[in-house]
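# heads up, no residue letters with this:
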């Protein structure tokens, strides 16, 4: 099977700081992947490069065989519209209603003005689709609620429903379980994996909880200081220990 994402010798810097160094990966459609590593290891940077939010100084990212660098701005926007990104804070607008937040998943498809019109006069067909997605994520009764009224776990489910509404082939989730208790974290991981398998979506999630990563994800990619330390299904305990072993300078940061 051809790669969905092909990454070759990718390097990203922020000033004098090297966030990623010579990273190479192949990711196939439908893979379920956990990115693990300590804070500052490069997990978020890698996710944002895959979503073309960042641009690398060196190396190549190809999506379905096409380099990001070869795409026009309109082609890049179209490519990004099929890659859902769930940030750590979920990226929800808290004073909007749940259906409006989910509608925002297609802002790249319909444009800002048409989206505002949808907010005012939501099409019945679109509302029905959003309701079905909320049924799948377990909160259909929250359709017209203001998002700020929802619990943290419910807001996570809104973010997942938005990704599905977007029509994405890939979900990039950046520490989406960091702000909830272990039971809700486990529930969200199960939901994301189940939905990804049902729809043949690629799921790449950065996660700190090693036990959850080992339990649920068939492929683990360990990042340390911007370099891939390991990439596979079974990880040796000594490699995990090395992954989280910090230098004196890092401990004092």
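Arrived safely, thanks for sending. A quick note: this is a predicted structure, and the numbers were derived from the prediction, not measured.
# Distance from stretch 119-128 to the middle of the chain?
In terms of CA atoms, centre = their mean, to the nearest Å, the gap separating the centre of stretch 119-128 from the centre of its chain is 26 Å.
# which residues sit against that stretch?
Contacts made with stretch 119-128 from outside it, assessed by CB atoms under 8 Å, 6 or more residues apart in numbering, are listed as 96, 99, 100, 103, 118, 143. C-beta: built from backbone N, CA, C; applies to glycine.
# how about a cut-off of 10 Å?
By CB atoms under 10 Å, 6 or more residues apart in numbering, the list of residues contacting stretch 119-128 from outside reads 96-97, 99-100, 102-104, 106, 117-118, 129-130, 143-144, 165.
# What pLDDT is listed against residue 178?
Confidence per residue is given as pLDDT, and for residue 178 that number is 73.
# Over to the one 10 residues further on?
Taken from the predicted model, the pLDDT recorded for residue 188 is 89.
# sec struct for it, please.
Put simply, residue 188 is helix when judged by DSSP: H, G, I helix; E, B strand; the rest coil.
# Excluding residues flanking it in the chain, which one is nearest it?
When the adjacent residues along the chain are set aside, residue 188 lies closest to residue 156, with 5.2 Å between them (CB to CB, 6 or more residues apart in numbering).
# Report the buried residues of the helix or strand containing the one you found.
Taking DSSP states H and E as the definition, one finds residue 156 inside helix 152-165. Across helix 152-165, burial judged by 16 or more other CB atoms under 10 Å covers 153-165.
# downstream neighbour of that helix in the secondary structure list?
Past helix 152-165, heading to the C-terminal end, the next element that is a helix or strand (DSSP H and E) is strand 170-174.
# for the stretch 151-253 of the chain, which spans come out with low pLDDT?
Where the stretch 151-253 of the chain drops to pLDDT under 70, the residues are 179-180, 246-253.
# now do 90
Under the criterion pLDDT under 90, the flagged ranges of the stretch 151-253 of the chain are 152-153, 175-185, 187-188, 208-211, 232-253.
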